[in-house]
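Participant: Quick one, structure for this:
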Amino acid sequence: MDGHTTDLVSSRLHGRHGVLRDQHKTVILTTHNHKIMALANNMIVLEARHIIETDSPTTLLKGDGYISKLGFEANYDEAEQTSRTPDSLLAVESTWASKDREGESTTALTDLRRKNGCLSVYKYCIANAGYSSVTLHVVFIILWVFSTEFSPVVVKWWSEANAIKPNQDMRMWLGVYAILGVLGTLGATAAAWFALVSIISYTGIHLHSDPLQQPSYLQSCIQHWLNFMLDLLVTVLAIVVVGTTVTWHDRSSAGSVAQTSVLSWSSISAKR
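Facilitator: Alright, predicted model coming up:
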């Protein structure tokens, strides 16, 4: 997950009114993320398989140990939490329970509204993908769909006109049908280009700019590039083997064996 999504999920799970905290679940987290650390009630710092610090984030931040040097702020008020008596905790639990009951009446409405999505989310995604790229992608999609769906209508009009006056305006109908075919092909190709090259590239740069995720993205890119190069190499070898087998089929019978070996090498290389 990117940094924004990580913060959102961790806050809704472990935050002040998170799901797991409301249900009083005990959670053990192992993380290097400062924002997730700040959501904990108690922290344990390990070094060389030994515990060097253990306490609440607020207490550790006031000290001079490892946690105090990280420079983050505690998001959860542990002092308030630890000062509560059992009676006050029961009162808080009853308050949360009443809030849950009040929220049940709006659950159905919330679920219905979520089906329509959130306009701000769409604006955020489109802005990171690039307004011009998304606009051109939609335009070419419309061109592709129009050309594809309107071609049968043209054929129908052509058939009706041909039934009245056979073979009249043949060049016009063929030209219109050919133009629609070219426009449909152009629209589909351009839409795929903007989606796969432009939109995905911009989205990857702007939405996934977390430095912690860059090594995994680089590794994935290198892996896909190597797979692509292996596929090209195997294609060239397969063409050479098939061409040799077809050209000199009466001189050698090892073509099928060589072709099978090439395909087997391709599958083994892809797995490695």
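
Participant: Can you list the low-confidence ranges for this structure?
Facilitator: When the per-residue scores of the chain are filtered using pLDDT under 70, the ranges that remain are 1-2, 71-117, 208-213, 249-272.

Participant: One more pass at 90, please.
Facilitator: Along the chain, the parts satisfying pLDDT under 90 run over 1-130, 158-171, 173-174, 196-272.

Participant: Against Thr189, how distant is the residue of it most remote from its centre?
Facilitator: Here the chain reaches farthest from its C-alpha mean at Lys165, the gap being 56.0 Å by CA atoms, centre = their mean. Distance, Lys165 to Thr189, by CB to CB, to the nearest Å: 36 Å. Yep, even glycine has a C-beta here, placed from its N, CA and C like the rest.

Participant: and what of Tyr217?
Facilitator: Look at Tyr217 and Thr189: by CB to CB, they are 27 Å apart.

Participant: again, but for Val246
Facilitator: Val246 is 32 Å from Thr189, where distance means CB to CB.

Participant: Neighbour count for the two, which is higher?
Facilitator: Taking Val246 and Thr189 together and counting by other CB atoms under 10 Å, Thr189 has the greater number of neighbours (12 against 9).

Participant: Next, give phi and psi for that one.
Facilitator: Taking degrees, to the nearest 10, you get phi -70, psi -50 for the backbone angles of Thr189.

Participant: wait, what's in contact with it?
Facilitator: Residues in contact with Thr189, defined by CB atoms under 8 Å, 6 or more residues apart in numbering, are absent; none qualify.

Participant: any idea how far Ile141 is from it?
Facilitator: With distances taken as CB to CB, Thr189 is found 12 Å from Ile141.

Participant: Quick check: buried residues in the host helix or strand of Leu230?
Facilitator: Leu230 is part of helix 214-247 when elements are defined by DSSP states H and E. Judged by neighbour count (16 or more other CB atoms under 10 Å), helix 214-247 contains these buried residues: Val234, Leu237, Val241, Thr244, Thr245.

Participant: gap between that helix and the chain center?
Facilitator: When C-alpha coordinates are averaged (CA atoms, centre = their mean, to the nearest Å), helix 214-247 and its chain have centres 25 Å apart.

Participant: This completes my enquiry, with thanks.
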